[in-house]
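>>> fold the following.
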Amino acid sequence: MKIFTLASLIILQFFLSNAFASKLYNGSVQNFYFSTGYAANLSELSDGVANDIAAPISIQIGEIGHVGINGEQTGSIKINVTGGEAPYQFKIGNGNYQSSNKINNLAAGFYLVSVMDAKGNISRLPVIIYQPFQQTAENVSAN
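Predicted coordinates:
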């Protein structure tokens, strides 16, 4: 049985909190985030000792659907989660939490995905959805 004082948990959170990485996949960048912070139920602290420590929430992007035509809102993100305690809730930016791990109808841009577990612990992940360049036509007259 592991026993941590509250100060040890705070120090552990500071050193192991958020690792961010990007990986190149088929010519496009996929961003992923791994949170190794602690999740302690502070209501169960007894004499400065945390007895209930859950596995950290780990988020990975399962699938990114990039926008097919410039200016459309056809992007999507599928989020895979391990750790924490199910059920999970998902949201983009300042939006509302939803139960589905797939978020649709997104325009190209930078998004911050948040995942909250049943105990209220939250992990976040930055994601970029791309779109093709806008194509323009130029009138050419033949004289």
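>>> ranking helices and strands of the protein by mean pLDDT, which lands last?
strand 18-25 (a mean of 33; mean pLDDT, DSSP states H and E).
>>> now do the helices in the chain.
Ranges of helices within the chain are 6-16, based on DSSP state H.
>>> low-confidence ranges in it?
The chain contains residues with pLDDT under 70 at 1-54, 143.
>>> tell me where it has strands.
Counting by DSSP state E, the chain has strands at residues 4-5, 18-25, 28-35, 39-40, 49-50, 53-54, 58-65, 75-82, 89-92, 102-106, 109-116, 122-129.
>>> if you count neighbours, what's buried in the last one?
Same thing as strand 122-129. Neighbour counts over strand 122-129 (16 or more other CB atoms under 10 Å) mark 122, 123, 124, 125, 127, 128, 129 as buried. Where C-beta positions appear, they are placed from N, C-alpha and C, glycine not excepted.
>>> kindly report the same for stretch 71-88.
74, 75, 76, 77, 78, 79, 81, 83, 84, 88.
>>> of those residues, just say which sits nearest to residue 58.
residue 83 (4.8 Å; CB to CB).
>>> what values do phi and psi take at that closest one?
phi 80, psi -170 (degrees, to the nearest 10).
>>> distance of the nearest residue to it once chain neighbours are set aside relative to residue 64?
Leaving aside its chain neighbours, residue 83 sits nearest to residue 55 (4.1 Å; criterion: CB to CB, 6 or more residues apart in numbering). Note on residue 55: its distance to residue 64, by CB to CB, to the nearest Å, is 25 Å.
>>> so if I had to pick from those two, which one is more boxed in?
Higher neighbour count among residue 55 and residue 64: residue 64, with 19 against 13, using other CB atoms under 10 Å.
>>> so residue 55 versus residue 97, what's the distance?
When residue 55 is compared with residue 97 (using CB to CB), they lie 21 Å apart.
>>> before I go, just wanted to say thanks for your time.
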